[in-house]
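1. Could you work out the structure for the sequence below:
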Amino acid sequence: MEIALQDYLNPGRTYSNRSAIKLPKDGTEKFGDSLEYLFMVRQNPFHETISEHPHDHIEYLEDMMDDEYNRCKLFPFSLEGDSRKWLDQLPTGSLTYWEEIRSTFINQFFDETRYWDV
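-> Residues are numbered from 1 along each chain as shown. Presented below is the predicted three-dimensional model:
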């Protein structure tokens, strides 16, 4: 599909959501809590350092939020540095529910060096 030059000046015509996470449409949306959750998520982001454990990060998010919608929506904000770059390089819409995000994240960041510390 070719885009006319003037359309590049109109971000609304060329922008699309490229997030790897496709938010669930199951009626669990809780907009009132999202901002409060966002502040809490940003206080303890995952940086992929050797002292961080992916299981602990997931457990932190699951303890904080009991609904799948907010977990999926706010998960990207809980990552920083290379871990965020990892999420951003995944195919658009490839993660569609929390258990899939959870297992993909743990499979990516859990390794033998962390095994003995869990």
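2. Just the buried positions in stretch 55-72, please.
-> H57, I58, L61, M64, M65, D67, E68, Y69, N70, R71, C72 (16 or more other C-beta atoms under 10 Å). (C-beta placed from N, C-alpha, C; glycine too.)
3. Just say helix, strand or coil for the last one.
-> Each residue gets one of three states, and C72 gets helix by DSSP: H, G, I helix; E, B strand; the rest coil.
4. what's the pLDDT at it?
-> At C72, the predicted lDDT confidence score is 93.
5. Could I get the contacting residues of it?
-> I21, L23, P24, L95, Y97, W98, I101 (C-beta atoms under 8 Å, 6 or more residues apart in numbering).
6. Ok, the fourth one next?
-> Residues in contact with M64 (C-beta under 8 Å, 6+ apart) are Y37, M40, V41.
7. Just the buried subset of those, please.
-> By 16+ other C-beta under 10 Å, these give Y37, V41 as buried.
8. follow-up on the earlier one: now the two most distant members of the buried residues of stretch 55-72.
-> H57 and Y69 (18.9 Å; C-beta to C-beta).
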